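Fold the following for me, if possible:
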Amino acid sequence: MTWQIDAATAADIPALTELILTHGPNVWNWLPPDEVAAHLAQIATGEVGAVVAREGDAVLGVVTFCRTTHFARYQSEDRRDAVHGYVCEAAVHREGVGRGIGAALLTAALGVLEAQGLREVYIDRHEENAASAGMMRKAGFSVIDTFAEPARRPHGSGRTAVSRIVFERA
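Residues are numbered from 1 along each chain as shown. This is a model prediction of the structure:
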């Protein structure tokens, strides 16, 4: 059977919570259960968007995203107050790893954010998370900053890498 990508709905929240908390944890990911639940609850209000990969009734992966001004410090002076996108969570079921699901979900999420008129999208990860780094690079992200964040990144170097993609306007 082949998988397909579509927009997540409020009805998907329990399955997405289960997916992220079961298949997302590793030494590189910061996934406090209460914060994950609060974040996913915002899908119901539209504050958070998400794209989901499904195979039949099974949820194989998710990427969540939102509009924010949190990364304003990285924007040019003339765009300092501009709303931009942030890719928040990405998780793929262990049975879906290696099938291109994560990359396809990230590309779909970027398409939604670009269609909303956003020019920049940011994403972050533990600097040593090679799998995430590869997926981000493949989607067109470039690392723009790396900094110590030991409370959120207690393993390895304890550093966060922030990446950005800028959509070119015709």
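
which of the residues in the lengthiest helix in the chain are buried?
Longest helix in the chain, counting residues (DSSP state H): helix 101-115. For helix 101-115, the buried set under the neighbour-count rule, 16 or more other CB atoms under 10 Å, comprises 101-110, 112-113. Glycine gets a C-beta too; all of them are placed from N, C-alpha and C.

and it, what does it pack onto?
strand 4-7, strand 48-55, strand 58-68, strand 84-92, strand 120-126, helix 130-139 (3 or more CB pairs under 8 Å, 6 or more residues apart in numbering; DSSP states H and E).

For that helix, what does the pLDDT average out to?
Computed over helix 101-115, the mean pLDDT rounds to 96.

CA-only coordinates of that helix, as CSV, when you get a sec.
Presented in CSV, the C-alpha positions along helix 101-115 are these (Å, rounded to 0.1, in the frame of the first residue of the first chain):
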residue,chain,number,x,y,z
ILE,A,101,8.1,10.2,4.4
GLY,A,102,9.9,12.8,6.6
ALA,A,103,11.3,14.7,3.6
ALA,A,104,7.9,14.6,1.8
LEU,A,105,6.1,15.9,4.9
LEU,A,106,8.7,18.7,5.4
THR,A,107,8.3,19.7,1.8
ALA,A,108,4.5,19.7,2.1
ALA,A,109,4.7,21.8,5.3
LEU,A,110,6.9,24.3,3.5
GLY,A,111,4.4,24.5,0.6
VAL,A,112,1.7,25.4,3.1
LEU,A,113,3.8,28.1,4.7
GLU,A,114,4.9,29.5,1.4
ALA,A,115,1.3,29.6,0.2
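
Stretch 23-37 spans what distance, first to last residue?
15 Å (CA to CA, to the nearest Å).

chain center to that stretch, what's the gap?
12 Å (CA atoms, centre = their mean, to the nearest Å).

How about stretch 92-106?
Distance, stretch centre to chain centre, for stretch 92-106: 13 Å (CA atoms, centre = their mean).

give the contact list for the nearest residue to residue 119 once chain neighbours are set aside.
Excluding its sequence neighbours, the residue lying closest to residue 119 (CB to CB, 6 or more residues apart in numbering) is residue 167, at 5.6 Å. Residue 167 makes contacts with 114, 118-121, as judged by CB atoms under 8 Å, 6 or more residues apart in numbering.
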